[in-house]
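*Asks:* Build me a structure from this.
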Amino acid sequence: MATDAFSQQIVNLVRKMPDEAILALVKNQLGAVTGETPLVPPAPRRNRARARAGAAQSKPSSVAAKRGAAPKRRPGRPRKSPAASAERQETLEAVERIVKASSGLSASEVAKQAGIPQTRAAAALKELKLEKRIFQGGDRRFARYAGDAKTAEQASANARKNAAGPTPAKKPNVKGRKRVAPAAAPTK
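*Replies:* Model (predicted):
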């Protein structure tokens, strides 16, 4: 049985409810579990952070009111338009053509040649790689992409060989300096 005061209040509240209300509540909860549509629409939920922000800003700011501010956008993922997916396919095809025409390119080189941001190029390369349309040789700094695995590995090995390592700190040339003899102290 319920031991704390809050649970006890809930039990008392439910005992005072009419049978129809209890049935509607139970069916609504079962509908949520079984996937059926609920009989009673769920109450709108508010995030605590948004509730506090809404309470703090009860009146709109004067600058926004003067400008006739646009209504706030609802949170959530933006809808993808068919044009965006077509543009994505064009990007994928362009990246694939660039990679297959080369003898191994890094992600930054692909981005420069395609004229797209490096993040978008990296995403396209990853997708093409997962679809086995291109291959990756090496990883991280020496990752190279090509039309076949052997070429990609060879390009990665070449990049590793030709990579400039850390430059050693130059030591001052001590031997080339002339030392001046200290002046002799005057005798008394």
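*Asks:* so where's the protein uncertain?
*Replies:* 1-2, 31-83, 171-181, 185-186, 188 (pLDDT under 70).
*Asks:* Could you write out the alpha-carbon coordinates of the helix ranked longest in it in PDB?
*Replies:* Counting residues, the longest helix found in the chain (DSSP state H) is helix 82-100. Provided in PDB are the C-alpha atoms of helix 82-100 (Å, rounded to 0.1, in the frame of the first residue of the first chain):
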ATOM      1  CA  PRO A  82      12.600  16.400 -52.100                       C
ATOM      2  CA  ALA A  83      14.900  19.100 -53.600                       C
ATOM      3  CA  ALA A  84      17.300  18.600 -50.700                       C
ATOM      4  CA  SER A  85      17.600  14.900 -51.300                       C
ATOM      5  CA  ALA A  86      18.100  15.500 -55.100                       C
ATOM      6  CA  GLU A  87      20.800  18.000 -54.200                       C
ATOM      7  CA  ARG A  88      22.400  15.400 -51.900                       C
ATOM      8  CA  GLN A  89      22.400  12.800 -54.700                       C
ATOM      9  CA  GLU A  90      24.100  15.300 -57.000                       C
ATOM     10  CA  THR A  91      26.700  15.900 -54.300                       C
ATOM     11  CA  LEU A  92      27.300  12.200 -53.900                       C
ATOM     12  CA  GLU A  93      27.700  11.700 -57.600                       C
ATOM     13  CA  ALA A  94      30.100  14.600 -57.900                       C
ATOM     14  CA  VAL A  95      32.200  13.300 -55.000                       C
ATOM     15  CA  GLU A  96      32.200   9.800 -56.500                       C
ATOM     16  CA  ARG A  97      33.300  11.100 -59.900                       C
ATOM     17  CA  ILE A  98      36.200  13.100 -58.300                       C
ATOM     18  CA  VAL A  99      37.400  10.200 -56.200                       C
ATOM     19  CA  LYS A 100      37.300   7.700 -59.000                       C
END
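*Asks:* Quick check: buried residues in that helix?
*Replies:* 91-92, 94-96, 98-99 (16 or more other CB atoms under 10 Å). Yep, even glycine has a C-beta here, placed from its N, CA and C like the rest.
*Asks:* Turn those residues into TSV, columns for distance to residue 128.
*Replies:* Below are the buried residues of helix 82-100 laid out as TSV (distance: CB to CB, whole Å):
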residue	distance to residue 128
91	10
92	6
94	11
95	6
96	6
98	11
99	7
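*Asks:* for those residues, which one is nearest residue 160?
*Replies:* Comparing the buried residues of helix 82-100 against residue 160 with CB to CB places residue 99 closest, at 19.2 Å.
*Asks:* could you pull out the helices for this protein?
*Replies:* Under DSSP H, the chain gives helices at 5-16, 19-34, 48-56, 62-67, 82-100, 107-114, 118-130, 149-162.
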